[in-house]
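1. the sequence and its predicted three-dimensional model are supplied below.
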Amino acid sequence: MSTTRTTAQEDLNLWNIVGRQFDKAAATMDLPDGLLKQIKACNAVYYVQFPVRFGDRYEIFEGWRAEHSQHCKPTKGGIRFSPKNYTGDQVEKITRRYAAELTRKNFLGLEGKRVAVQGFGNVGYYVARFLSEEDGCRIVAVGDVNGGVYNPEGMASRSSPTST
């Protein structure tokens, strides 16, 4: 006599998994239902679409930034693509382009962020200068192959690359 065991197919949808985990945790808390519904609800979803150039061709990528409880930062975001289809350099290029697009559309704020800059030649100098002057970042460290400088209070953005 053989026995056949049937099991329900596991739901691997991330949205559903997170919802179940939230409900399980919420059941252990003594909070009003209305507050739990507000925390669980998605307040806003921002959608971006952007091209990335690989050699002589372009690919279009889509990204999302979802904000749930906006009173508690940081909010969540994401981009979907299979890293198996891309080299490490291409994955870095896609990720950087996504972050730049979020920043450009003010979905990702840099104001007040502390930044360390690796390399302080022409490129590093201007990155530090623009992040400081245009984006409101505080440059707290710069470094290169010869060493580095750290100041938790921040550094003057007009220093020349050779003066650090």
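-> All right, it came through fine.
2. next, give phi and psi for residue 103.
-> Dihedral pair for residue 103: phi -70, psi -50, per degrees, to the nearest 10.
3. that one: what's it in contact with?
-> Remark: with contacts taken as CB atoms under 8 Å, 6 or more residues apart in numbering, residue 103 is in contact with 109, 110, 135. Heads up, the C-betas are built off the backbone N, CA and C, glycines and all.
4. in the residues you listed, which has the lowest confidence score?
-> Scanning the contacts of residue 103 for pLDDT, the smallest score is found at residue 109, 74.
5. how far away is the closest residue to it other than its chain neighbours from residue 26?
-> Closest residue to residue 109 apart from its sequence neighbours, by CB to CB, 6 or more residues apart in numbering: residue 103 at 7.8 Å. Distance of residue 103 to residue 26, computed by CB to CB, to the nearest Å: 33 Å.
6. how about the contacts made by the nearest residue to residue 137 once chain neighbours are set aside?
-> The shortest distance from residue 137 to any residue other than its chain neighbours is 4.1 Å, reached at residue 131 (CB to CB, 6+ apart). Counting by CB under 8 Å, 6+ apart, residue 131 touches 110, 115, 117, 137, 139.
7. gap between the third one and residue 64?
-> If I follow you right, that is residue 117. Between residue 117 and residue 64 the distance is 29 Å, computed by CB to CB.
8. quick one: which of those two has more around it?
-> A count of neighbours by other CB atoms under 10 Å puts residue 117 above the other of residue 117 and residue 64, at 23 against 15.
9. got the contact list for that one?
-> Residues in contact with residue 117, defined by CB under 8 Å, 6+ apart, are 124, 127, 128, 131, 139, 141, 142, 143.
10. which of the contacts of residue 103 count as buried?
-> Burial of those was assessed by neighbour count (16 or more other CB atoms under 10 Å); no member qualifies as buried.
11. that older thread, mind putting the contacts of residue 131 in a markdown table, distance to residue 38 included?
-> Written out in a markdown table, the entries for the contacts of residue 131 read as follows (distance: CB to CB, whole Å):
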| residue | distance to residue 38 |
| --- | --- |
| 110 | 28 |
| 115 | 34 |
| 117 | 40 |
| 137 | 32 |
| 139 | 38 |
